[in-house]
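*Asks:* Please work out how this folds:
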Amino acid sequence: MYDAVPPSRLRGSSGSGLFDSIKDALGLGGSGGIDREQLAAAEEMTQMYADDLQEKLEAKGKWDTVREAASDG
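*Replies:* Sure, this is the predicted structure:
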């Protein structure tokens, strides 16, 4: 599975969020053309990570706390 991600890492340097941070890491966040296949793979990977993270947090009884913290920010 994945290691836990600290909340400070859930936002990119521009405050744009986890998905944009992953796109940047994969080289998809630049001003050049977008490789649709690479973008689809990044979106799928992001969703899988989010699903796994939510499952872990729910199992530890921390999901509601994370949701509340996210809605406050």
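*Asks:* And the average pLDDT for the strand or helix carrying E68 is what?
*Replies:* Element membership for E68, per DSSP states H and E: helix 63-72. The pLDDT scores in helix 63-72 average 91.
*Asks:* Please spell out which residues along it are buried.
*Replies:* Neighbour-count burial for helix 63-72, counted by 16 or more other Cβ atoms under 10 Å, picks out no residue. To be clear about C-beta, it is placed using only N, CA and C from the backbone, and glycine gets the same treatment.
*Asks:* same for that helix, what does it pack against?
*Replies:* Counting contacts by 3 or more Cβ pairs under 8 Å, 6 or more residues apart in numbering; DSSP states H and E, helix 63-72 is packed against helix 36-59.
*Asks:* Just name whatever secondary elements the helix it packs on is in contact with.
*Replies:* Right, helix 36-59 is packed against helix 18-25, helix 63-72 by 3+ Cβ pairs under 8 Å, 6+ apart.
*Asks:* what's the angle from the last one to helix 36-59?
*Replies:* If I follow you right, that is helix 63-72. 120 degrees (axes from the mean of the first three to the mean of the last three Cα atoms, to 10 degrees).
*Asks:* Please renumber the chain so that the first residue is 33 from this point on.
*Replies:* Got it, first residue is 33 now, which makes that one helix 95-104.
*Asks:* returning to what we had before: which one of the helices and strands packed on helix 68-91 lies closest to M77?
*Replies:* Closest approach to M77 among those is made by helix 50-57 (7.0 Å; Cβ to Cβ).
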